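S.K.: build me a structure from this.
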Amino acid sequence: MDTHLLRTFVAVAETGSFSRAAERLRYTQSAVSQHIAALEADLGTPLFTRRPVGLTPAGERLRRHAGLLLVRLEAARADVTRALAPPGRLVLGLTPLAWAAPVAAGLATIRAESALLRTSLRVAARDRIVEAVATGEIDLGLVDGFTAPSDPLRLPEPGAGGPRAVGVAESPAVVAVPRSHPLAARRTVDLADLSDAYWIDAPEVTPFARLPVDGLRAGLRYDGADVGVLTGLVAGGHGLAVLPEPVVAREAGLAGIRVPRLVHRVELLRLPAATPDEPAERLSKLLTVV
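M.R.: All right, here's what the predicted structure looks like:
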């Protein structure tokens, strides 16, 4: 099965349109149509209905396999490239709220071991970090989220040979409010009691949709990934946000109200290391597992 045809199939399945898939892939629409026709001929069955474009039962089955196949191909390519690369490289990807004290201390130790270590940090949304680790684009990923104490984050199933997650830090989850807010003196608050409050939806920092409660409403959406901008919006009275307690404690204009039975958790993602002395492997061992 030709991988170029498979990538075109995934693009059409995700966009629901031959023309939008062509725009995404920078192909002509006729080229996309030819790719799909060739793939259907190879498999001996239609994969899409036309007008409107939709997946057939066979297409639904292929879609379940296609994403994983492409990810594993990228992982194989990255693994070979990494084996040929000169030693001393560490690419660390993290979500905006994943930077925690154990991570900072561990990275400082690793960098002190070698003045020649080339270190790169990339900040992105959680789904992007998970994908980048799975394909080998980055050596280590640090992702965060809110969950019950000691419960792991709900991440995509890695599959055989995929990245594994271990906990590296947990801290109390708090509702961040301005110091002048009527609730600022409260010690704890249930999220369900704040259904009438206005919230800030910041999907790149603290996804509003992943909070474990229904009925909350966003009054403002922030599409950036700068934590300082988000805390500034909260301090300015533009809405509330659930954040890690240490983040709120650093901001003079904010107060944090703890949410019972909810913690902020940071997890490390990585593929099996080729050798135990790789910087990524050594950093993994330095981080405290929770």
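S.K.: the residue positioned nearest the centre of the chain and Arg89: what is the separation?
M.R.: By CA atoms, centre = their mean, the chain has its centre lying nearest to Arg126, at 1.0 Å. In this view, Arg126 and Arg89 are 23 Å apart by CB to CB, to the nearest Å. Placement of C-beta: from N, CA and C, glycine included.
S.K.: and if you look at Pro96?
M.R.: 23 Å.
S.K.: what segments of the stretch 1-150 of the chain are strands?
M.R.: Along the stretch 1-150 of the chain, counting by DSSP state E, counting those that start in this stretch, strands occupy 48-49, 54-55, 89-94, 118-123, 140-147.
S.K.: could you do the stretch 151-290 of the chain as well?
M.R.: According to DSSP E, counting those that start in this stretch, the strands that the stretch 151-290 of the chain contains are 164-178, 198-201, 217-221, 241-244, 254-270.
S.K.: the nearest residue to Arg89 once chain neighbours are set aside - how many residues pack around it?
M.R.: Spatial nearest neighbour of Arg89, excluding adjacent residues (CB to CB, 6 or more residues apart in numbering): Arg118 at 5.1 Å. Neighbour count of Arg118, defined by other CB atoms under 10 Å: 13.
S.K.: compute the number of surrounding residues for the residue lying closest to Gln29 once chain neighbours are set aside.
M.R.: In space, and not counting its chain neighbours, Gln29 is closest to Ala22: 4.5 Å by CB to CB, 6+ apart. By the measure other CB under 10 Å, the count of residues near Ala22 is 21.
S.K.: how near is Ala22 to Thr15?
M.R.: Ala22 is 9 Å from Thr15, by CB to CB.
S.K.: what does Leu211 give?
M.R.: 29 Å.
S.K.: Pro96 and Arg89: which has the busier surroundings?
M.R.: Just comparing Pro96 and Arg89: by other CB under 10 Å the higher neighbour count belongs to Pro96, 21 against 16.
S.K.: list the contacts of that one.
M.R.: Shown in contact with Pro96 (CB atoms under 8 Å, 6 or more residues apart in numbering): 123, 204-205, 225-227.
S.K.: low-confidence ranges, the protein, go.
M.R.: Along the chain, segments meeting pLDDT under 70 span 78-88, 157-162, 273-277, 288-290.
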